[in-house]
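Chemist: coordinates only, no sequence provided:
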């Protein structure tokens, strides 16, 4: 499995404070069957991270994981706040991509009073980037107005939900909305959004299996959600259609 959203780099956001804690997280990921962690530190006004700092962090974590013999690969990425993305240069955004392609992970607004993100997201796309929306099920804006999220998906953006949301880890509203999005076919990827090995661990399969009675699509599309889509994103490819889906249902590149 590929975990596209994980805070594994130590000491730069609300993830692990130490390299030892990062290694604990990586070991937990290996035990959970995850083979690749994409390091997605916050890039926000609270966490003023830049691409160079995060690349250094990824190199440090990779070297430590190799020294410890942990069977997990770490790839570079970022979780970029909508409020921050407009002031980042193209050179900086290029260094924040998920893997080698043009995909950026953008954090969905979590504040109750968030405005319409579509103009900002469209402006990012016009700059040549493709967009993965992080944890839309936890966004009050999208829960109030799911049509906004449907419109973004129709315009080629992908939804990446958090596995813990499926089992109530972020409350009942997030759980119910996440399950509804899965059933509607609006979910393209499931991640752990792990921050440590204990309180927010790197778990995918366990939560998806637990939620499957309420959304059987989770298991019917398990490999697509946890391997095929994230692999395509990291390689900069157009994501494949879901199993048994028509070409018309394929997430499509805009423009």
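Modeler: Great, that's in hand. It should be emphasised that the depicted structure is a prediction, and the values quoted were computed from it without experimental measurement.

Chemist: for residue 222, which non-adjacent residue is spatially closest?
Modeler: Nearest residue to residue 222, sequence neighbours excluded (C-beta to C-beta, 6 or more residues apart in numbering): residue 208, at 6.6 Å. All C-beta spots, glycine's among them, are computed from the backbone N, C-alpha and C.

Chemist: looks like the one you found contacts residue 163 (just checking).
Modeler: Yes - at 6.0 Å, residue 208 and residue 163 qualify as touching, with contact defined as C-beta atoms under 8 Å.

Chemist: which residues of the protein fall in strands?
Modeler: For the chain, the strands defined by DSSP state E occupy 2-6, 36-39, 42-43, 73-76, 79-81, 103-107, 130-134, 158-162, 189-191.

Chemist: export the ones you listed to CSV and append columns for mean pLDDT, distance to residue 151 and mean neighbour count.
Modeler: CSV is the format used below for these (pLDDT from 0 to 100; distance: least, C-beta to C-beta, whole Å; neighbours: other C-beta atoms under 10 Å):
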stretch, mean pLDDT, distance to residue 151, mean neighbour count
strand 2-6, 98, 23, 28
strand 36-39, 98, 26, 26
strand 42-43, 98, 25, 25
strand 73-76, 97, 30, 21
strand 79-81, 97, 20, 24
strand 103-107, 97, 15, 25
strand 130-134, 97, 12, 24
strand 158-162, 98, 12, 25
strand 189-191, 98, 19, 29
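
Chemist: redo those as CSV? Include distance to residue 15.
Modeler: Shown next, in CSV, are the strands of the chain (distance: least, C-beta to C-beta, whole Å):
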stretch, distance to residue 15
strand 2-6, 8
strand 36-39, 9
strand 42-43, 8
strand 73-76, 12
strand 79-81, 10
strand 103-107, 14
strand 130-134, 14
strand 158-162, 14
strand 189-191, 14
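
Chemist: count of neighbours near residue 232?
Modeler: Other residues lying near residue 232 total 21 when counted by other C-beta atoms under 10 Å.

Chemist: with neighbour numbers in mind, choose between residue 208 and residue 163.
Modeler: Set residue 208 next to residue 163 and count neighbours by other C-beta under 10 Å: residue 163 wins out with 27 against 22.

Chemist: per-residue pLDDT of that one, please?
Modeler: As predicted, residue 163 sits at a pLDDT of 98.

Chemist: ok, now which ones touch it?
Modeler: 190-192, 203-204, 206-208 (C-beta atoms under 8 Å, 6 or more residues apart in numbering).

Chemist: quick one: it from residue 169, how far?
Modeler: 8 Å (C-beta to C-beta, to the nearest Å).

Chemist: cheers, nothing more for now.
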